[in-house]
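*Asks:* coords please:
(chains A and B)
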Amino acid sequence: MSRGANPVSLRRRPSRTVPATIAAVCVTAVGVSLAWAGIARLVDGAWPSFVGWTHRHVGDLTWGSTAAIALAIVLALVGLVLLVSALAPGRPNAYVIDDSDLSSDKVGSTEFVMTRKAVAKLATAHAHQVSGVDSVSATVTGRAVRLTVSSPSAQRDELAQSVTTAVREALDAVRLTPTPTVTATVRTTQP
Amino acid sequence: MRVFSSGLNRTWLAIIGLVVLLTGAVATMVATGLFATVLSGSARTSVPASGDHLLEPGATDFFANQGVIIGTAVLGIVLALLGLAWLVAQVPHTRSAAPLRLRDDAATGLTSATSAVLADVVVADLETLPDVTSASAVLRGSASRPQLTLKLTASDRSDVRALLSSVQTGPVSRLAGALDTTLEHLGVQVDVSPERRTSDSVTL
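*Replies:* Next up, the predicted model:
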């Protein structure tokens, strides 16, 4: 089979790089410690000092002690965090652009996406074009675009409606899937 | 446009998480005495009592065994190698195509091109399009089944759908013509950059 036979999807969920890196470092550290201890015991005939330290401190603990219970609970919580980080789907990084009328006889399959960051920039740019808008910030989730607008205008509801309409028209023109809901909140600033 | 080891991360995090969670849960039940109340008969006697030490006195003899020492070293080496391999897998990669053999008949001559050269040509072609402020491309697959992934940065005032259409009829079509085949897959990630605006001055 040729390399890269399966197309690489541009719309993806978080890759869990941070928890995976932390877990990989821990696995490597445990592995190096065990290998070091085992090889040192084989070569020198004695366990390294850190094994003795661990043996003294863990060996002195009893099952019913507070430290042992705390250690067990921490272990269970760490396991739970790792499991949740693996199973939680996470937000996709991008919206799909509808490609139903963008077919070409030179291309088999297509995938067009716009990242959430790009959607935020597009929404901000079109909100800026509305008269009376001073500054805009946009938060984009998997299904919604929330705009926070600063304006000297006291007519907050009318301005919010105008901004929402302008941004919705701009996003509808791109034909994002799923279609995000657009909401705007206007804060009046001193002129 | 790079490939991340998402599946690998999720699988190993789930396996390690489950093992650690079960170990912690069982240890908590043993430490709090819950485990002994759940079990009955002879099974109950095998559960450590709250006054027992975590490491029994026999543990020292157990770890003096030559087989256990060798097993510890081997287990450590395996874990260290697996951990390092997992760390290396965190580096994202482009998975771009090997040099494409456009003509591979030895009698008439061989023609090959690296995927990076073809991607550079596509990028140069894309950047001639109006509204495209920057672009990057990765060519994957093979000469007979090429897959093209593009990242386009467009002006925030551009018509995105018209731009995608012109990308297909222009640079993508020309690449397919050069390779003398249809592209198996085209992926485009659209980014947006703000149009330069002038302010603080009005010309009448």
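*Asks:* tell me what the helix or strand of chain A with the lowest mean pLDDT is packed against?
*Replies:* Lowest mean confidence among the helices and strands of chain A (mean pLDDT, DSSP states H and E): helix A:49-59, at a mean of 83. Counting contacts by 3 or more C-beta pairs under 8 Å, 6 or more residues apart in numbering or on different chains; DSSP states H and E, helix A:49-59 packs against helix A:17-44. C-beta: built from backbone N, CA, C; applies to glycine.
*Asks:* Identify each of the strands in chain A and give its residue range.
*Replies:* In order along the chain, chain A carries the following strands (DSSP state E): A:94-97, A:107-115, A:135-140, A:144-151, A:176-177, A:181-188.
*Asks:* now those strands as JSON lines including mean pLDDT and distance to residue B:130?
*Replies:* What follows is these, written out as JSON lines (pLDDT from 0 to 100; distance: least, C-beta to C-beta, whole Å):
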{"stretch": "strand A:94-97", "mean pLDDT": "94", "distance to residue B:130": "19"}
{"stretch": "strand A:107-115", "mean pLDDT": "92", "distance to residue B:130": "19"}
{"stretch": "strand A:135-140", "mean pLDDT": "93", "distance to residue B:130": "26"}
{"stretch": "strand A:144-151", "mean pLDDT": "94", "distance to residue B:130": "27"}
{"stretch": "strand A:176-177", "mean pLDDT": "92", "distance to residue B:130": "23"}
{"stretch": "strand A:181-188", "mean pLDDT": "93", "distance to residue B:130": "28"}
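*Asks:* tally of neighbours for the residue lying closest to residue B:143 once chain neighbours are set aside?
*Replies:* Distance criterion C-beta to C-beta, 6 or more residues apart in numbering or on different chains; nearest residue to residue B:143, sequence neighbours excluded, is residue B:100 at 4.1 Å. Neighbours of residue B:100 under the rule other C-beta atoms under 10 Å in any protein chain shown: 20.
*Asks:* got the CA coordinates for the least confident helix or strand of chain A in CSV?
*Replies:* C-alpha atoms of helix A:49-59 as CSV (Å, rounded to 0.1, in the frame of the first residue of the first chain):
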residue,chain,number,x,y,z
SER,A,49,20.4,4.0,47.8
PHE,A,50,17.1,5.3,46.4
VAL,A,51,15.6,1.7,46.6
GLY,A,52,16.6,1.6,50.3
TRP,A,53,15.0,5.0,50.9
THR,A,54,11.8,3.9,49.2
HIS,A,55,11.8,0.6,51.1
ARG,A,56,12.3,2.3,54.5
HIS,A,57,9.5,4.9,53.9
VAL,A,58,6.9,2.6,52.2
GLY,A,59,7.8,-0.4,54.4
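*Asks:* what comes up buried for it?
*Replies:* Buried residues in helix A:49-59, counting neighbours by 16 or more other C-beta atoms under 10 Å in any protein chain shown, are found at residue A:51.
*Asks:* returning to that earlier point: quick one: which of the strands of chain A is nearest chain B?
*Replies:* Comparing the strands of chain A against chain B with C-beta to the nearest C-beta, the closest turns out to be strand A:107-115 (4.5 Å).
*Asks:* Direction included, what does the closest one pair against?
*Replies:* Applying DSSP bridges to the sheet, strand A:107-115 is found paired with strand A:94-97 (antiparallel), strand B:183-193 (parallel).
*Asks:* Which of the ones you listed sits closest to residue B:177?
*Replies:* Nearest of the strands paired with strand A:107-115 to residue B:177, taken as C-beta to C-beta: strand B:183-193 at 10.8 Å.
*Asks:* ok now the closest one, how far from the chain's centre?
*Replies:* Centroid separation for strand B:183-193 versus its chain: 18 Å, with C-alpha atoms, centre = their mean, to the nearest Å.
*Asks:* I figured residue B:119 hits residue B:96, correct?
*Replies:* Yes: the pair residue B:119 / residue B:96 is scored as a contact, 7.5 Å apart, by C-beta atoms under 8 Å.
*Asks:* Residue A:180 versus the residue nearest to residue B:143, what's the distance?
*Replies:* 39 Å (C-beta to C-beta, to the nearest Å).
*Asks:* what's near enough to touch residue B:168?
*Replies:* Listed by C-beta atoms under 8 Å, 6 or more residues apart in numbering or on different chains, the contact partners of residue B:168 are A:102, A:104, A:106, A:107, B:186.
*Asks:* The least confident helix or strand of chain A vs helix A:17-44, what angle?
*Replies:* 110 degrees (axes from the mean of the first three to the mean of the last three C-alpha atoms, to 10 degrees).
*Asks:* what does helix A:49-59 rub up against?
*Replies:* For helix A:49-59, contacts defined as C-beta under 8 Å, 6+ apart pick out A:33, A:37, B:53, B:54, B:55, B:59, B:60.
*Asks:* between these, which is nearest residue A:22?
*Replies:* Of all the contacts of helix A:49-59, residue A:33 has the smallest distance to residue A:22: 16.6 Å, by C-beta to C-beta.
*Asks:* Next up, the contacts around that closest one.
*Replies:* The contact partners of residue A:33, taken as C-beta under 8 Å, 6+ apart, are A:50, B:76.
*Asks:* can I get the CA coordinates of stretch B:135-152 in PDB?
*Replies:* C-alpha atoms of stretch B:135-152 as PDB (Å, rounded to 0.1, in the frame of the first residue of the first chain):
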ATOM      1  CA  ALA B 135      -0.400  29.500   1.600                       C
ATOM      2  CA  SER B 136       1.300  26.200   2.400                       C
ATOM      3  CA  ALA B 137       0.900  22.700   0.900                       C
ATOM      4  CA  VAL B 138       1.700  19.100   1.700                       C
ATOM      5  CA  LEU B 139       1.600  16.400  -1.000                       C
ATOM      6  CA  ARG B 140       0.900  12.900   0.200                       C
ATOM      7  CA  GLY B 141       0.200   9.500  -1.300                       C
ATOM      8  CA  SER B 142       1.900   8.400  -4.600                       C
ATOM      9  CA  ALA B 143       2.200   9.600  -8.200                       C
ATOM     10  CA  SER B 144      -0.900   7.600  -9.200                       C
ATOM     11  CA  ARG B 145      -2.900   8.500  -6.100                       C
ATOM     12  CA  PRO B 146      -1.800  11.900  -4.900                       C
ATOM     13  CA  GLN B 147      -3.400  13.700  -1.900                       C
ATOM     14  CA  LEU B 148      -3.000  17.400  -1.500                       C
ATOM     15  CA  THR B 149      -3.500  19.300   1.700                       C
ATOM     16  CA  LEU B 150      -3.500  23.100   1.600                       C
ATOM     17  CA  LYS B 151      -3.600  25.800   4.200                       C
ATOM     18  CA  LEU B 152      -4.800  29.100   2.800                       C
END
